[in-house]
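Visitor: what's the 3D shape of this:
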Amino acid sequence: MASDPLSPDEVSRYARHLVLKGMGGAGQQALKQARVLVVGAGGLGSPVIAYLAGAGIGKLGIVDHDAVSLSNLHRQVIHTETGANKAASAGRFAHALNPHVAIAIHPDRLDAGNAPTILASYDLVLDGTDNLATRRIVAATCETLGLPLVSGAVSMFDGQITVFAPGGARFADLYPAEADDADLPSCEATGILGPLTGIIGALMAMEAIKLITGIGEPLIGRVLTYDGKGGRFSEFAL
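Guide: This is a model prediction of the structure:
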């Protein structure tokens, strides 16, 4: 598919990318051609959406059926209007940040019925949802469609991120079938430190850009964990 040349505004907007060794014009064009879906516009989705929109993703899809509540705002920093649908609110933020990005809003609850149709329009998926049921649906659909998946998770002071690539380690290798949401601490019950979502969400955006442009070594088959209290990163293999 032929690429559209960058407009003068885009050249100025992405100037720091264009002079970046390894990125340059080819990398920016790859971002412009990419179709990326973000599932969840909450704590992790907020920085993901901000950085991917800023980076110049060609088409940015956002899935979230939930409404913004006051208790979200200490970490879901792209939202300001309580009661608004999160996907729509995130879309308004992304468009205001970068009008060159085509925004697709999916204000629906993702389920096994609609996931294949929604995900089929994208090349890459990032999942920042907070329940295993949805995350399993996203992972299974990505596996069926052959889509790479950037998966992030946070709890209290800690977070983790990995990339599931077609033919590689599977979601079930990290979260076995017997794992249940009832066994995991909820944000409502245990709380979460706001900046933690920014750290993990920014790392998710970084992995997406690496996958799209071919820069560096993505976290495929590796899980990167962050201990917020200790200020330490660790890694283990899947």
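Visitor: wait, what's in contact with Gly201?
Guide: Gly43, Leu44, Gly45, Ser46, Pro47, Val48, Tyr51, Gly128, Gly152 (Cβ atoms under 8 Å, 6 or more residues apart in numbering). Yep, even glycine has a C-beta here, placed from its N, CA and C like the rest.
Visitor: ugh, typo on my part, it should be Met156
Guide: Neighbouring residues of Met156 by Cβ under 8 Å, 6+ apart: Pro185, Thr190, Gly191, Ile192, Leu193, Leu196.
Visitor: same deal with Val68?
Guide: By Cβ under 8 Å, 6+ apart, Val68 lies in contact with Gln76, His79, Glu81, Thr82, Gly83, Ala84, Asn85, Lys86, Ser89.
Visitor: Name the surrounding residues that touch the lowest-mean-pLDDT helix or strand in the chain.
Guide: When each helix and strand of the chain is scored by mean pLDDT, DSSP states H and E, helix 187-190 comes last, with a mean of 74. Under the contact criterion Cβ under 8 Å, 6+ apart, helix 187-190 has outside partners Gly43, Asp130, Ser155, Met156.
Visitor: Would you reformat those residues as JSON lines and include secondary structure and pLDDT?
Guide: Shown next, in JSON lines, are those (DSSP: H, G, I helix; E, B strand; the rest coil; pLDDT from 0 to 100):
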{"residue": "Gly43", "secondary structure": "coil", "pLDDT": "96"}
{"residue": "Asp130", "secondary structure": "coil", "pLDDT": "90"}
{"residue": "Ser155", "secondary structure": "strand", "pLDDT": "93"}
{"residue": "Met156", "secondary structure": "strand", "pLDDT": "94"}
